[in-house]
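Novice: sequence-free structure coming up:
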């Protein structure tokens, strides 16, 4: 009797599943797996922060060193890109960095869900940050903020064209900020699923293929390490670009 094998798509892991269906005025506000892991990420962030005030030692433990290193890393990021004027924005930058880091790392746990693998989440986050940054710029410089789109000494003839180009390039920041994080997390997790499926298929095939399944399995382990590094790197890059964009509106580069 032939055994039926079910093949799963590598993209199935990104499917949003409704856990508690809810609808108000034909508006779908269901509690989904994406919402669940978003809340889990927030709770873990709050728990991690609360541990920062628990049994801090003069000679730090490895746990304390990890917390302090992340704090120093974010502080240096703010200092290098914003200077002293960025100190009041440090709580937001640190929260953003920590939140994205845990969202990415939790997505590496088997049978979990990667919130940052969906463009709707990364774009919404980038758009909210972009709106907030522009509000800070207008509050800081007033009407002079719009000089960001018109460099000095530009001939009057090309002003409309230059303003259009500068405005479009400025708007594109939202898309580059969101697509970079979404694309890296989605492509990395898809590759892991493909390699894992390939290794499992070779093992089920039996014979010589079952012996050589160790090759894609070892490759999978190496890719998991790489993906963990990418998870941390992408959280850092997103935070770094946020600092750079914030510095642009504060200094009107």
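Specialist: Yep, it's here. Predicted model only: the values in this text are computed from it and were never measured.

Novice: SS state for the nearest residue to residue 150 once chain neighbours are set aside?
Specialist: The shortest distance from residue 150 to any non-neighbouring residue, by Cβ to Cβ, 6 or more residues apart in numbering, is to residue 163 (5.8 Å). Using the backbone N, CA and C atoms, a C-beta is placed for each residue, glycine as well. Secondary structure for residue 163, judged by DSSP: H, G, I helix; E, B strand; the rest coil, is helix.

Novice: my read: residue 38 touches residue 115, true?
Specialist: Yes - Residue 38 is in contact with residue 115 according to Cβ atoms under 8 Å; the separation is 5.1 Å.

Novice: can I assume residue 112 sits in a helix?
Specialist: No - Residue 112 is assigned coil when assessed by three-state DSSP, not a helix.

Novice: Report the separation between it and residue 248.
Specialist: Residue 112 sits 36 Å away from residue 248, going by Cβ to Cβ, to the nearest Å.

Novice: Check residue 27 too.
Specialist: Counting by Cβ to Cβ, the gap from residue 27 to residue 248 is 36 Å.

Novice: Same check on residue 188?
Specialist: Counting by Cβ to Cβ - residue 188 and residue 248 are separated by 29 Å.

Novice: So which of those two has more stuff around it?
Specialist: residue 188 (23 against 15; other Cβ atoms under 10 Å).

Novice: can you pull the pLDDT of residue 4?
Specialist: The model reports residue 4 with a pLDDT of 43.

Novice: likewise the one 5 residues further on?
Specialist: For residue 9, the pLDDT comes out at 73.

Novice: what's around it, how many residues?
Specialist: 11.

Novice: What of residue 225?
Specialist: Count around residue 225 with other Cβ under 10 Å applied: 9.

Novice: can you check residue 101 too?
Specialist: Around residue 101 there are 22 residues (other Cβ under 10 Å).

Novice: Please identify the helix or strand for it.
Specialist: Residue 101 belongs to helix 90-106 when elements are defined using DSSP states H and E.

Novice: Show me what the mean pLDDT comes to for that helix.
Specialist: The pLDDT scores in helix 90-106 average 93.

Novice: same deal with stretch 226-241?
Specialist: The average of the pLDDT scores along stretch 226-241 is 93.

Novice: which residues touch that stretch?
Specialist: With contact meaning Cβ atoms under 8 Å, 6 or more residues apart in numbering, stretch 226-241 is reached by 73-74, 77, 81, 93, 96-97, 100-101, 103-105, 107-108, 116, 173, 176-177, 180-181, 184-185, 188-189, 192.
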